[in-house]
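Asker: Sequence plus the predicted model coming up.
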Amino acid sequence: MLKESIKMALENIISNKMRSFLTMLGIIIGVGSVIALITIVSGATSTVTDQVASMGANTVTIQVQGTPLKQGLTQGDVTKISELSNIEGIAPTISGQTTVAFDGKTMDEISLQGKNDVYFQNTEDVISAGRIINPVDTENKSRVALIGNDIANELYVGKNPIGQEIKIGGITYQVIGILQESDSFAQADTNKAVMIPYTTAMGVVGAKYINSLTVYIADEALADTTTRQIEGVLTKAFNGDDDGYSIVNMQSILETIAEMTSILSMMLGGIASISLVVGGIGIMNMMLVSVTERTSEIGLRKALGAEPKQIQLQFLIESVVLCLIGGIIGFGLGVSLAWVVANLIGTSFALTASTVLLAIGFSAAIGVVFGFMPARKASRLNPIDALRSI
Amino acid sequence: MKEKILEMKNLVKTYTMGDEEQVVLKGIDLKINRGDFLSVLGPSGSGKSTLMNIIGCLDVPTSGSYYLSGERIEDLPETALSHIRNREIGFIFQQFQLLPRLSAQKNVELPLIYAGVPEKERQLRSADILKRVGLAEKMKNRPNQLSGGQQQRVAIARALVTEPTILLADEPTGALDQQTGHQIMELFKELYQEGKTIVMITHDGDVAKNGSRIVRIVDGNLSEGVYNA
């Protein structure tokens, strides 16, 4: 009976090609837009979270503004943080501005960054050539420097800068590597920057305070607890004044992003599903017309022994089949659209099984909901009246 | 002694139209035995369509009794009436009532679907019965590829395929020319010879004469008629 009903539904849909297609159009557009929006948003979300995560999902970043009495963190404060549990490593940053010079050429407004080996171990692709700052450099306050791409190109025309000398703020360092050319997405422009061991910056350049810290956490699950402990140390360091620093837990940022985008995706999906409802009304309309047109067929079927619920099932299946075909076409279009958009704006494109199920489930549900009333109307027709209406 | 398969006693059917009550059947008494070929002759408005609807279990009497195959037909749920129609009645309509999208064979299979007969058996039985009515060559044709007479043969095959208790024909020659109508009547007579029970409703005295027995219905009253009515 079910097989017969599906076959009859398909025959009826095919025999009314134009009308079936126009009716399906509502479902096609509805499902298409819901799927496209959800796929685009989830692709964009995963691109953003990947970028944030690439900055380190297991990190707590501390920016130090300082107070009038204490303008940054001292080595002692850093040691206290490193003594907390669940800390894998700490990468302090000392930043300033300086001038670089080589062979009579100078460049102004160069960003000076004091780093340590922990930073380089936890950050990929910092340099494009040479070697990174290692623990020995940090320990010995070595006068070694990594230089930005622009500096390498301007000061060392036609030469390999690695192994050459460079004057940073009047002090001579040895160039040990060249920083990766930075792109637009990077946190900071490193093309006009030099990096030296932070111990060198403190000991040789004379910086007193550490401006920022990146703390690497061993167990991400305990990130919140560890963050609170770090906050405790910082508050003590600034004598209870918590305006002196800001602390950012990357894990909680990731959670916030995920939460926001899921709300966004639900909102957009909700708006798009209004068009699904409109499509459903189209289906209901067509099914009602179909019931009226086929009144005598319904009467005949009843005379031949069809039960009311069999008539109802037949029309319900017809509307579900119609919606499913529309849903499948809409799904195809929505996914193609999402793919095109993802390629245009450069976000990632991922199709999840839940999206597929959503499309199929949604269209079948619309078929049932909006097909129910017409199907019930058909099943309740009086066979005598129905047979008379030839 | 012939087996009685249908019996009506003092059957009344009343329709309410607005405030007015209209008595369409005014106490019908009717018995039909297995193997009868009964013609119900009556002018339009005589109540013969209402009688047909009640015999066909499409409608139920207001009062009185109606027994079909020993079962009392009364105000039963639609589902129960559907099963009785499917099992007991083979309808033949004036306008054939074939589904235009289906082949002749598929049309004949239709009542078997509702009887729950599996597909293989449906195909065999429908093919057999179409051969019986002389349409072995036209099984795959759609109704619009068949002549009026052939379409009515398909409809007769559809009525026969479930082996119902009664073949119930409503003006079966009404939409056909005289010669074709005559051929259909010949087929009815053959079916009668084979022992089928036929009830034929008509307004045409000449057509009614084909029956083995004629009753007249006038203004809601039924009377046993004679051949040269």
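Answerer: Ah, there it is.
Asker: low-confidence ranges in the stretch 201-350 of chain A?
Answerer: Within the stretch 201-350 of chain A, the set of residues satisfying pLDDT under 70 is empty.
Asker: all helices of it, in order?
Answerer: In order along the chain, the stretch 201-350 of chain A carries the following helices (DSSP state H, counting those that start in this stretch): A:223-237, A:250-293, A:295-303, A:308-345.
Asker: Now tell me what touches the first one from outside.
Answerer: Helix A:223-237 has contacts (Cβ atoms under 8 Å, 6 or more residues apart in numbering or on different chains) with A:58, A:60, A:62, A:70, A:73-74, A:77, A:80-81, A:84-87, A:215, A:217, A:241-242, A:244-245, A:247, A:249-252. C-betas here are computed from N, CA, C, even on glycine.
Asker: which helices and strands sit right next to the helix or strand of chain B with the lowest mean pLDDT?
Answerer: Considering only helices and strands, the least confidently modelled element of chain B by mean pLDDT, DSSP states H and E is strand B:221-224, at a mean of 87. Using 3 or more Cβ pairs under 8 Å, 6 or more residues apart in numbering or on different chains; DSSP states H and E as the contact test, the elements touching strand B:221-224 are strand B:20-33, strand B:213-218.
Asker: who touches it?
Answerer: Applying Cβ under 8 Å, 6+ apart, the set of residues contacting strand B:221-224 is B:26-30, B:51, B:213-217.
Asker: Which of the contacts of helix A:223-237 fall within strands?
Answerer: Secondary structure from DSSP state E places A:60, A:62, A:87, A:215, A:217, A:245, A:247, A:249 of the contacts of helix A:223-237 in strands.
Asker: Looking at the residues you listed, which one is closest to chain B?
Answerer: Set against chain B, the nearest of those by Cβ to the nearest Cβ is A:N249 (65.6 Å).
Asker: Once you drop chain neighbours, what's closest to that closest one?
Answerer: Spatially, and ignoring its direct neighbours in sequence, A:N249 is nearest to A:T227 (4.5 Å; Cβ to Cβ, 6 or more residues apart in numbering or on different chains).
Asker: Can you give me the distance of the closest residue to B:L41 other than its chain neighbours to A:G26?
Answerer: For B:L41, the nearest residue in space outside its immediate sequence neighbours is B:A208; the separation is 4.2 Å by Cβ to Cβ, 6+ apart. Noted for B:A208: a distance of 55 Å to A:G26, by Cβ to Cβ, to the nearest Å.
Asker: Same check on B:K196?
Answerer: For B:K196, the distance to A:G26 (Cβ to Cβ) stands at 51 Å.
Asker: which ones are touching A:L276?
Answerer: By Cβ under 8 Å, 6+ apart, the contact list for A:L276 reads A:27, A:30-31, A:34, A:362, A:366.
Asker: TSV for those residues, including distance to A:V320 and secondary structure?
Answerer: Supplementary listing: the contacts of A:L276 in TSV, determined by distance: Cβ to Cβ, whole Å; DSSP: H, G, I helix; E, B strand; the rest coil:
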residue	distance to A:V320	secondary structure
A:I27	11	helix
A:G30	15	helix
A:V31	14	helix
A:V34	18	helix
A:F362	12	helix
A:I366	9	helix
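Asker: hmm, back to that, now do the contacts for the residue nearest to B:L41.
Answerer: Contacts for B:A208 (Cβ under 8 Å, 6+ apart) come out as B:39-41, B:200, B:202, B:214, B:229.
Asker: which of those residues count as buried?
Answerer: Taking 16 or more other Cβ atoms under 10 Å in any protein chain shown as the criterion, what is buried in these is B:39-41, B:200, B:202, B:214.
Asker: Which of the residues you listed fall within strands?
Answerer: Counted as lying in strands by DSSP E, out of the buried ones among the contacts of B:A208, are B:39-41, B:200, B:202, B:214.
Asker: Look at A:V126 and report its pLDDT.
Answerer: Note on A:V126: pLDDT of 82.
Asker: quick one: it and A:Q113, what's the gap?
Answerer: Following Cβ to Cβ, the distance that separates A:V126 from A:Q113 is 11 Å.
Asker: swap in A:K309?
Answerer: Spatial separation of A:K309 from A:Q113 under the definition Cβ to Cβ is 76 Å.
Asker: So for the two, which residue has more residues nearby?
Answerer: Neighbours of A:K309 and A:Q113, each counted by other Cβ atoms under 10 Å in any protein chain shown, are more numerous for A:Q113; the result is 24 against 15.
Asker: Give the full set of residues in contact with that one.
Answerer: For A:Q113, the contacting residues are A:93-95, A:193-196, by Cβ under 8 Å, 6+ apart.
Asker: Need phi/psi at it.
Answerer: The phi and psi torsions at A:Q113 (degrees, to the nearest 10) take the values phi -130, psi 120.
Asker: Could you identify the most distant pair in the contacts of B:A208?
Answerer: When Cβ to Cβ is used, the two most widely separated members of those are B:M200 and B:A229, lying 14.1 Å apart.
Asker: mind checking the end-to-end distance for stretch B:69-88?
Answerer: Length of stretch B:69-88, first residue to last, Cα to Cα, to the nearest Å: 8 Å.
Asker: Any figure for the gap between the residue nearest to B:L41 and A:S354?
Answerer: Computed as Cβ to Cβ, the B:A208 to A:S354 distance reads 69 Å.
Asker: and the residue of the stretch 201-350 of chain A found nearest chain B, how many neighbours does it have?
Answerer: For the stretch 201-350 of chain A, the nearest residue to chain B under the criterion Cβ to the nearest Cβ is A:G305, separated by 2.4 Å. A:G305 sits with 27 neighbouring residues when counted by other Cβ under 10 Å.
Asker: So for B:K196, what's the nearest residue that isn't a sequence neighbour?
Answerer: Skipping the residues right next to it in sequence, B:K196 comes nearest to B:L167 by Cβ to Cβ, 6+ apart, at 5.9 Å.
Asker: Sheet-wise, list the partners of the helix or strand encompassing that neighbour with their directions.
Answerer: Counting by DSSP states H and E, the element that carries B:L167 is strand B:166-170. For strand B:166-170, sheet partners with direction are given as strand B:89-92 (parallel), strand B:198-202 (parallel), following DSSP bridges.
Asker: For the stretch 51-200 of chain A, give me the ranges with low pLDDT.
Answerer: Counting by pLDDT under 70, the stretch 51-200 of chain A shows low-confidence ranges at A:55-56, A:183-188.
Asker: Buried residues of stretch B:68-84, list them for me.
Answerer: Buried residues in stretch B:68-84, counting neighbours by 16+ other Cβ under 10 Å, are found at B:68, B:73, B:78, B:81-84.
Asker: B:K196 and A:G26: which is more packed in?
Answerer: For B:K196 versus A:G26, neighbours defined as other Cβ under 10 Å are more numerous around A:G26 (24 against 21).
Asker: list the contacts for that one?
Answerer: By Cβ under 8 Å, 6+ apart, A:G26 lies in contact with A:275, A:278-283, A:326.
Asker: Of these, which is the nearest to A:Q174?
Answerer: Distance to A:Q174, by Cβ to Cβ, is smallest for A:S275 among those, at 65.2 Å.
Asker: Tell me the spatial nearest neighbour of the closest one, not counting adjacent residues.
Answerer: In space, A:S275 is closest to A:G30, 4.2 Å off (Cβ to Cβ, 6+ apart).
Asker: Find the centremost residue of chain B, please.
Answerer: The residue lying closest to the centre of chain B (Cα atoms, centre = their mean) is B:L168, at 1.2 Å.
Asker: Kindly tell me how buried the spatially closest residue to A:L316 that is not a sequence neighbour is, as a neighbour count.
Answerer: Leaving out its chain neighbours, the residue that sits closest to A:L316 by Cβ to Cβ, 6+ apart is A:A375, at 4.4 Å. Applying other Cβ under 10 Å, we find 24 other residues in the vicinity of A:A375.
Asker: check contacts around A:A375.
Answerer: Contacts of A:A375 were listed using Cβ under 8 Å, 6+ apart, and they are A:287, A:291, A:311-316, A:319.
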